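Enquirer: Here's a sequence, model it:
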Amino acid sequence: MTAHLPAVPTATEASGVYRGRARRGDMAAAEDDFAEFVRVALPGLMRYGHALAGNPHDAADLVQTVLEKVGARWSKISRNCADPTAYVRKAMANTHVSRWRRTRRETLLADFPDIPAAIQQDRLEHEPLWVALRSLPPRQRAVVVLRYYEGLSELEIADSLGISCGTVKSQASKAMATLRKRLGPLVGGGDA
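Expert: Residues are numbered from 1 along each chain as shown. I've put the predicted structure just below:
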């Protein structure tokens, strides 16, 4: 007996390029099309989410939240959007910024818990580059991640985030200056 193995993504699929096939009005085809999109794009979206959120748990929550919203509107998105992956990245960046704005406020507790919860540490928690990257504002972090981690061009980043190329350049410049300042002593350069 031979075991049925899942198909290995082609080079085009693995690079994140997705070609939709669903036609208007065919709900089953739209669901299958969305499932195929998720299968192809999920690894890259998880990497992007991890870099945006700073840890794998928040990344998984971010990706799930966005994919739930996108899945509900998939037939319209796949019809009207030339690059659904860019659309999802933009939605992830916007959702992350919105979540960050809501949760940066203080949370006051009436009483401290008696037993501290056991927290599993992320292996990158104290990695200097991740610490410096997490300290960037959300938009600067998104630009740096898309440019240097995902390898997108300035035009692709501008399209993904819905901003101008000039904004991409200025955000990248500010972020790199901040990272150089914070990481300079570690790499033998910069002012401490």
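Enquirer: Quick one: residues contacting Ala132.
Expert: When contacts are counted by CB atoms under 8 Å, 6 or more residues apart in numbering, Ala132 touches Thr178, Leu179, Arg182, Leu183. C-beta here means a position set from N, CA and C on the backbone, and glycine is covered the same way.
Enquirer: now with 7 Å?
Expert: By CB atoms under 7 Å, 6 or more residues apart in numbering, the contact set of Ala132 is Leu179, Arg182, Leu183.
Enquirer: excluding its backbone neighbours, what's nearest it?
Expert: Closest residue in space to Ala132, ignoring its immediate chain neighbours: Arg182 at 4.4 Å, by CB to CB, 6 or more residues apart in numbering.
Enquirer: Could you give the number of residues near the one you found?
Expert: Arg182 is flanked by 18 other residues according to other CB atoms under 10 Å.
Enquirer: re the thing from before, next step: the contacts of Ala132 restricted to helices.
Expert: Leu179, Arg182, Leu183 (DSSP state H).
Enquirer: of these, closest to Gly166?
Expert: Leu179 (20.3 Å; CB to CB).
Enquirer: Need the pLDDT of that closest one.
Expert: As predicted, Leu179 sits at a pLDDT of 90.
Enquirer: That one - how many residues pack around it?
Expert: Using other CB under 10 Å: Leu179 sits among 19 other residues.
Enquirer: ok, it - contacts?
Expert: Here Leu179 is in contact with Ala132 (CB under 7 Å, 6+ apart).
Enquirer: now swap in Cys165 and tell me
Expert: So Cys165 contacts Glu154, Leu155, Ala158 (CB under 7 Å, 6+ apart).
Enquirer: mind listing the strands in the protein by residue range?
Expert: In the chain, no strands are defined using DSSP state E.
Enquirer: Might you list the low-confidence residue ranges for it?
Expert: Counting by pLDDT under 70, the chain contains low-confidence residues at 1-25, 100-125, 186-192.
Enquirer: quick one on the thing from earlier: distance to Ala30 and neighbour count added to the contacts of Cys165, as CSV?
Expert: Formatted as CSV, the contacts of Cys165 follow (distance: CB to CB, whole Å; neighbours: other CB atoms under 10 Å):
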residue, distance to Ala30, neighbour count
Glu154, 33, 17
Leu155, 29, 10
Ala158, 29, 19
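Enquirer: possible to save the residues you listed as CSV with distance to Asn55?
Expert: Listed next are the contacts of Cys165 as CSV, based on distance: CB to CB, whole Å:
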residue, distance to Asn55
Glu154, 28
Leu155, 30
Ala158, 27
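Enquirer: closest to Val63 among the residues you listed?
Expert: Nearest to Val63 among these: Ala158, at 22.1 Å, using CB to CB.
Enquirer: From Ala35, how far out is that closest one?
Expert: 29 Å (CB to CB, to the nearest Å).
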